[in-house]
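**Student:** kindly generate the corresponding structure for this input.
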Amino acid sequence: QVQVVESGGGLVQAGGSLRLSCTASGRAFNTAAGWFRQAPGQEREFVAAISWGGGSTSYADSVKGRFTISRDNAKNPVYLQMNSLKPEDTAVYYCALSSYYGRLTSGGYDYWGQGTQVTVSS
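**Tutor:** Residues are numbered from 1 along each chain as shown. Coordinates of the predicted model:
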């Protein structure tokens, strides 16, 4: 059984920063990972993805240059460093694991965390 847990969300003013962490337990090794977010009344959207070894990353256009996804290796936590936050970044952020890197839709991921709330005030 694989469990995925996110942490690091909170309330921050516009222009501020937060770092989200994602840890996985169980047989969740050698997997790619991704971050998604869902704002109230909106569909879940892709934010960023990273390969199992951390050598490849991809980002949604809306966060390029502001967010950085990282991991040291396939077994360490996955991080999402979020800088220059905007009110429109407010959402529940989810970490997900996939057997394949680069999946841009939620259907491409096998395991999901419960999510962590990020609120950016103007």
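
**Student:** outside of stretch 77-91, which residues touch it?
**Tutor:** 12, 14-23, 33, 35, 37-39, 42, 47-48, 50, 62-63, 66-71, 93, 95, 118-122 (Cβ atoms under 8 Å, 6 or more residues apart in numbering). For every residue, glycine as well, the C-beta is placed using N, CA and C.

**Student:** of the residues you listed, buried ones?
**Tutor:** Buried members of those, scored by 16 or more other Cβ atoms under 10 Å, are 12, 18, 20-23, 33, 35, 37, 47-48, 50, 63, 67-69, 71, 93, 95, 118, 120.

**Student:** start to end distance for stretch 57-64?
**Tutor:** This stretch, stretch 57-64, spans 11 Å end to end (Cα to Cα, to the nearest Å).

**Student:** neighbours of residue 91, how many?
**Tutor:** For residue 91, the number of neighbouring residues by other Cβ atoms under 10 Å comes to 22.

**Student:** tell me how far residue 95 lies from residue 15.
**Tutor:** With distances taken as Cβ to Cβ, to the nearest Å, residue 95 is found 24 Å from residue 15.

**Student:** which residues in this protein form strands?
**Tutor:** Using DSSP state E, the strands of the chain run over 3-7, 10-13, 18-25, 32-38, 45-50, 57-59, 67-70, 78-82, 91-98, 111-112, 116-121.

**Student:** quick check: the residue most central in space within the chain vs residue 84, distance?
**Tutor:** Against the mean C-alpha coordinate of the chain, by Cα atoms, centre = their mean, the closest residue is residue 35 at 2.4 Å. According to Cβ to Cβ, residue 35 and residue 84 sit 16 Å apart.

**Student:** please apply the same query to residue 2.
**Tutor:** Distance from residue 2 to residue 84, by Cβ to Cβ: 33 Å.

**Student:** ok so, going back, my guess is the residue nearest to the centre of the chain contacts residue 57, does it?
**Tutor:** No - with contact defined as Cβ atoms under 8 Å, residue 35 and residue 57 do not form a contacting pair (10.7 Å).
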